[in-house]
Each structure stands twice: as structure tokens, then as C-alpha cells.
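> Give me coordinates for this.
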Amino acid sequence: MATKGRQDIALLCLAYRESLDIDYEPLISEMSRKCNLVRLPSTGIALRYLANHTPKSIVVTDEGISDPANQGVVKKLKAYIQNGGWVIFALDFARSTTADQFNKLFSQGFGTPWEYGGRSQITCGFNQQCAIPIGRVPVSASSYNLEAHLVKNAAPVEQIVVPMESVESCPAVVAGKQLGKGYLIYCGNDSVEVDLDMVILSVCNWQWLS
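Prediction:
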């Protein structure tokens, strides 16, 4: 039930699995505590909600958005971003999406040069040169080791979390891109990462939640 005076964050979970709520319980509980958490579990519900509401952020949780049947939802997301919204591809999205689905979604759906950069076990950290207007990154998350699905072709200023041995044109773990007045964010964690969850809270335009 929506709470008056609190803004919405929408979870777009078009291929919902019960494990989502189990694996990400701390993160989802924190989001629920500070905002109206709205779940969009089907194409019809998502289209109706987006036609009548403007949430603070939308979190795409899985590969369901890449289904050709959901092209209408992708168009709504792109328009939402261009009008100032933040769409974050996170939680189970990276590990449940194939390379082909990834490439088609970000090129055809959002018009970015981003491509799937492979899966790797890496030590990574926050990119101090990142130009995305994110919140404060926790000190405890200065570096961490994780299994990640990387993104290629993100400009250096779009790379939020990068391999510690990063060089120019190196794939990123977390990246963001401005589209119109809003931002598209990708988080490539392969499994639940407590430290990276905190980074997600920082990069998703949720500074207003604190």
C-alpha cells in the first residue's frame, strides 16, 4: 500500500523468481523502509503503471525486459529516462541475461554502444573520474572482489565501478549513461554482493532516501 508523501521506486520483474526476495532481502527491506516499493510483474501491469505514474527510479531485476513481447515496455523506459528518470538494470539482471539479449537491448532499445564484456572474477573499485551524479559511496566499498558480467564501450566518465587494474577502454562492472534528462545504469554483479548493494543505493539517484 502506498504511503502518502513517499515517492515510488518500481521493481520491474517481468521474469520474477521467488529467490529475488530471498537473496536481496536486506536491500529490498531498506528500499521498502524509505519509499513506496511498487512491483511490476507483468507487461500489462507495467504499461498501465508507467502510463499513469512517474516513480523516482525503476529497477529492472531480470531478463524479462529483453523478451520481444516487451518492446512496448522498453519504449516506455526510454521515454521515462529522457524525461528525467533513472532506470537501473541490477539485482538478477546481469546473470539472467544472455550476451545477445544484452547487446540487442542496449543498442536497439536504448541506442547505446554498450556491449556485453564477458564474465570475470575481479577486484574492483569506484572510479573517481566518473561523471554520473551519484550519491556518496560507502568507505567500506572502496574495493571488493566479485564475479561480474562486464559492460564494454562505456566511456571512461560513464564507468562507475571498474577493475582495479583498469586501463583505458577496459570493461566496467557498473556503468551509467545520460539519455536526455535522465540516466541509464547497469550493475553487473553475478551474485548477491553486500558491498555492491550499497554502491547500488548510491548510484541509483537515491540520495534523497537518507
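
> and the longest helix that the chain contains, how far from the chain's centre?
Secondary structure of the chain per DSSP state H: the longest helix is helix 71-82. Centre-to-centre, helix 71-82 and its host chain are 14 Å apart (C-alpha atoms, centre = their mean, to the nearest Å).

> and it, what does it pack onto?
Counting contacts by 3 or more C-beta pairs under 8 Å, 6 or more residues apart in numbering; DSSP states H and E, helix 71-82 packs against helix 43-52, strand 57-60, strand 86-89, strand 174-179, strand 182-187. C-beta here means a position set from N, CA and C on the backbone, and glycine is covered the same way.

> just checking, what packs against the last one?
Contact here means 3+ C-beta pairs under 8 Å, 6+ apart; on that basis strand 182-187 packs against helix 71-82, strand 86-89, helix 93-96, strand 174-179, helix 194-203.

> if you average pLDDT over each of those, which comes out lowest?
Among the helices and strands packed on strand 182-187, helix 194-203 carries the lowest mean pLDDT, a mean of 65.

> show me the residues around Pro55 that make contact.
Residues in contact with Pro55 (C-beta atoms under 8 Å, 6 or more residues apart in numbering) are Gln7, Asp8, Ile9, Ala10, Val38, Gly85.

> Mind checking what secondary structure Val157 has?
What DSSP: H, G, I helix; E, B strand; the rest coil gives for Val157 is helix.

> ok, for it, nearest residue in space, not its chain neighbours?
Ala131 (3.8 Å; C-beta to C-beta, 6 or more residues apart in numbering).

> now do Ala154
Once flanking residues are discounted, Ala154 sits nearest to Ala175: 3.9 Å by C-beta to C-beta, 6+ apart.
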